[in-house]
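Chemist: Predicted model, plus sequence, below.
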Amino acid sequence: MPLLMLRDLPQYDCLLKAAERYPSLEPSACDAFLNLLRTGDLVSESESEYLAACGVSHGRFTVLMLLNDACDHPVSTPAELADEAGVTRATMTGLIDTLEKDDLVVRESDPSDRRTVLVRLTAKGQAFLDQILPDYFRRVSAIMQPLDDEERRQFVTLLQKIQRGLTPERSADEPVATGAQA
């Protein structure tokens with residue numbers, strides 16, 4: 001489901017007018033924010049459509065990528081995978097269960113501590129990634145194609161600046177929204 005439910009973004013003059021009524025509304029900030037949400041929705045939709053065509057959900061794809069042999073740590077515990085994917089351990093258990101059912105991953109006891117369960121890609125799982133990733137990365141490149149290398153570096157720097165400004169917890173002095181929520 002998209003984060004931004006608007007079909008059309010408001011024109012800048014509409015934001016200027018709204019700022020007269022709501023002085024805390026900074027038109028350029030709101031315009032940038034809405035465009036960021038719209039772009040995120042479009043990118044997410046494009047990725048989801050491709051992954052669905054490949055027969056894999058975004059969550060399952062994330063787990064496979066975390067276990068990919070091309071990465072630094074091809075073997076992980078379910079708890080580590082949950083932390084890295086930003087999901088609950090219960091959600092990760094479900095993802096691993098379905099991937100294991102499809103013979104894309106396997107759970108094994110850690111040889112140095114049999115109480116610890118490790119998850120790794122099977123040969124079938126690695127072959128699946130090797131099959132879909134070339135086109136996946138072509139699609140990623142196509143999405144970013146309108147920007148040259150310098151613009152991409154600037155874009156990443158700007159996005160990281162926004163990310164640093166966000167905190168995982170709301171500060172105590174930040175007001176809590178009241179009223180009906182959609």
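Modeler: Everything's here; your move.

Chemist: For stretch 116-131, give the mean pLDDT please.
Modeler: For stretch 116-131, mean pLDDT is 95.

Chemist: contacts for stretch 122-140?
Modeler: 46-47, 50, 54, 56, 64-65, 67-69, 99, 103-106, 121 (C-beta atoms under 8 Å, 6 or more residues apart in numbering). C-beta here means a position set from N, CA and C on the backbone, and glycine is covered the same way.

Chemist: er, stretch 13-26 actually
Modeler: Contact with stretch 13-26 is made by Pro10, Pro27, Cys30, Asp31, as judged by C-beta under 8 Å, 6+ apart.

Chemist: Name the residues of it that come out as buried.
Modeler: For stretch 13-26, the neighbour count (16 or more other C-beta atoms under 10 Å) marks Leu15 as buried.

Chemist: Using CSV, write out every CA atom in that stretch.
Modeler: What follows is stretch 13-26, C-alpha atoms only, in CSV (Å, rounded to 0.1, in the frame of the first residue of the first chain):
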residue,chain,number,x,y,z
ASP,A,13,0.9,27.9,-4.7
CYS,A,14,-1.6,25.7,-2.8
LEU,A,15,1.2,25.0,-0.2
LEU,A,16,1.9,28.8,0.0
LYS,A,17,-1.8,29.4,0.7
ALA,A,18,-2.0,26.6,3.3
ALA,A,19,1.1,28.1,5.0
GLU,A,20,-1.0,31.3,5.7
ARG,A,21,-3.4,29.2,7.7
TYR,A,22,-0.8,26.9,9.2
PRO,A,23,2.4,28.9,10.0
SER,A,24,4.4,25.8,10.8
LEU,A,25,4.0,24.6,7.2
GLU,A,26,7.2,25.4,5.3
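
Chemist: re the thing from before, now list the buried members of the contacts of stretch 13-26.
Modeler: By 16+ other C-beta under 10 Å, the contacts of stretch 13-26 give Pro27, Cys30, Asp31 as buried.
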